[in-house]
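# A predicted structure for the sequence below; I have some questions about it.
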Amino acid sequence: MNWTEPLNNYCERLDAGFWSEPVNAITNASFILAALVAFLMWRKRAPGDWLALALILITLATGIGSFLFHTFANRWSLLADVIPIALFIHVYLFAALNRFLGLRWYWAAGITGLFFVASPFAGRLFAPLVGSSAGYLPALAAIFIVAALAWRSSARLAKGLAAAGVVFAASLTFRTLDMPVCDSLALGTHFMWHILNGLVLFLLLRLLLPATGGAGAK
């Protein structure tokens, strides 16, 4: 495999140049800002919570990895883009099952493992409808399912998760529309995926911090 093979996956990119996706690249600051604000909250609310800190660092890595992909735009930078996102989804799901729903760590880990195995099948199932965005539909569904299950114990938490889910759905819509609207909108819409997804990660991190109080996994 040629790890430096150029990739052209987005409307904004016209050639293989480093700054051929300036807006897509710069809007990754949304993830950096989310990580910074969440880190300040972590220091104040739960400085001993290493799982929450790990998620904050993964959020930072998401911004850096996505910036690399939208500048270098090749196979190795694609991995730098997708690995942190996948890590955040699965680590946060484990944390949500354990801390929001009160599942023992081994049950939370087992369900997260099943989610990891099943997600690619769901992605392939819906790919004809929404393209590569199909891979994120299981994560979207997981947010709303956890929100529904958390409703009885904490309506506030459930509403916060649902709000994050709504923003995530909007961000996925912009991600999906990037190429279909490219002929009429040269900039594309992928940059809105970055802006809104940074907000999603912050909303999720903010919900996790008060819920933990520095406690470890059960």
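That came through, no problem.
# Break down this structure into its helices, ranges please.
22-26, 29-45, 50-72, 75-95, 105-130, 137-150, 155-177, 190-212 (DSSP state H).
# what's the spacing between the longest one and its chain's center?
Spelled out, it's helix 105-130. Put simply, helix 105-130 sits 15 Å off its chain's centre (Cα atoms, centre = their mean, to the nearest Å).
# Now it: average pLDDT?
Averaged over helix 105-130, pLDDT sits at 94.
# Let me have the helices of the chain in CSV, adding distance to Cys11 and mean neighbour count as columns.
In this view, the C-beta of every residue, glycine as well, is placed from N, C-alpha and C. Shown next, in CSV, are the helices of the chain (distance: least, Cβ to Cβ, whole Å; neighbours: other Cβ atoms under 10 Å):
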stretch, distance to Cys11, mean neighbour count
helix 22-26, 9, 18
helix 29-45, 19, 18
helix 50-72, 12, 21
helix 75-95, 17, 18
helix 105-130, 16, 14
helix 137-150, 21, 19
helix 155-177, 9, 19
helix 190-212, 7, 22
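# For Leu57, which residues are in contact?
When contacts are counted by Cβ atoms under 8 Å, 6 or more residues apart in numbering, Leu57 is found next to Ala35.
# Then Val146?
Residues in contact with Val146 (Cβ under 8 Å, 6+ apart) are Leu93, Ala96, Leu97, Phe100, Leu101, Leu161.
# Mind doing that once more with 6 Å?
Val146 makes contact with Ala96, Leu161 under the criterion Cβ atoms under 6 Å, 6 or more residues apart in numbering.
# Kindly report the same for Ala170.
Leu196.
# How about Thr4, nearest residue that isn't a chain neighbour?
Spatial nearest neighbour of Thr4, excluding adjacent residues (Cβ to Cβ, 6 or more residues apart in numbering): Asn74 at 5.0 Å.
# any idea of the pLDDT on the one you found?
97.
# so how many other residues sit close to Phe100?
Number of residues near Phe100 (other Cβ atoms under 10 Å) recorded here: 22.
# Could you report the distance from it to Gly165?
Distance check for Phe100 against Gly165: by Cβ to Cβ, to the nearest Å, it reads 13 Å.
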